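Asks: sequence and computational prediction follow.
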Amino acid sequence: MPSRLLYLVRHAEQDRPEEEADTGLSARGRRQATMLGERLRGIGFAAVHHGPARRAAETAALVAAALPGVPVHEDDRAGDHMPHDTDPAGLPERYAAFLAGFTERDRLDGPRVTAEAVARFATAPAEGDVRELVITHNFLVAWLVRHALEAPVHRWIGPIHLNCGLTVIRYSTDVPPTLIALNDVAHLPPDLRATGLPADYRI
């Protein structure tokens, strides 16, 4: 049966995110992305896709350096957007406060773009076996994992995918989506794994 192995990666660590929304990678982030590229060398990807933000584009460029011949595409569907206009009723107060921070534009555009991302990436191909790498952001990875597991829609809120953490989902025509790997950072040394988490958190 035709299948798609979708490799999902949250971009590497961003430089100075508290100062500017769209900066490139920190020195740590460049190390993370380079190590991820070495981890993925030889996989045989049909393509690498990344969102338009600088941190995603720079991550993709460093990863692709280890994947000679694999085309790299910028794709708005892999961008940083609110995946679902989730009703805060009945959710923990912290989740409700988080949802209140999104604008009306976020609530309109984000779910539409996310639906397009699901239609493009979260399906089995018409024929053959395809491996694709999508370098994106925490929200889209969380949404695609939630989608694969058929979890309640609000469960895109809460998961933290580590910078350059690797998640793999298999889509085929004969079985539901299969979550193969989740937030795998075995390619990173311990000192590069905890970015994206609260400062006092340790893994």
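Replies: Received it, and whenever you're ready, just let me know what you need. For clarity, every value in this text was computed on a predicted model and none was experimentally measured. Residues are numbered from 1 along each chain as shown.
Asks: going forward, measure contacts and count neighbours with C-alpha atoms only.
Replies: Will do.
Asks: Leu133 in helix, strand or coil?
Replies: strand (DSSP: H, G, I helix; E, B strand; the rest coil).
Asks: residue contacts, it?
Replies: Leu6, Tyr7, Leu8, Val9, Phe45, Ala47, Val48, His49 (Cα atoms under 8 Å, 6 or more residues apart in numbering).
Asks: what's in contact with the helix or strand harbouring the last one?
Replies: Put plainly, it is His49. Using DSSP states H and E, His49 sits in strand 47-50. If you take Cα under 8 Å, 6+ apart as the criterion, strand 47-50 is touched by 56-57, 60, 64, 70-76, 78-79, 131-136.
Asks: may I have the strands that pair with that strand, each with its orientation?
Replies: strand 72-74 (parallel), strand 129-136 (parallel) (DSSP bridges).
Asks: flag the shaky bits of the protein, pLDDT-wise.
Replies: Along the chain, segments meeting pLDDT under 70 span 17-20, 195-203.
Asks: quick one, helices of this structure?
Replies: 27-40, 54-64, 93-100, 104-121, 138-149 (DSSP state H).
Asks: hey, C-alpha coordinates of the third one in PDB?
Replies: Going back to what we said before, that points to helix 93-100. Extracted C-alpha coordinates of helix 93-100, given in PDB (Å, rounded to 0.1, in the frame of the first residue of the first chain):
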ATOM      1  CA  GLU A  93      -7.700  28.800  33.300                       C
ATOM      2  CA  ARG A  94      -4.100  28.800  32.000                       C
ATOM      3  CA  TYR A  95      -5.200  27.400  28.600                       C
ATOM      4  CA  ALA A  96      -8.100  29.900  28.400                       C
ATOM      5  CA  ALA A  97      -5.600  32.800  29.000                       C
ATOM      6  CA  PHE A  98      -3.300  31.400  26.300                       C
ATOM      7  CA  LEU A  99      -6.100  31.300  23.800                       C
ATOM      8  CA  ALA A 100      -7.200  34.900  24.600                       C
END
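Asks: quick one, that helix and helix 104-121 angle?
Replies: 90 degrees (axes from the mean of the first three to the mean of the last three Cα atoms, to 10 degrees).
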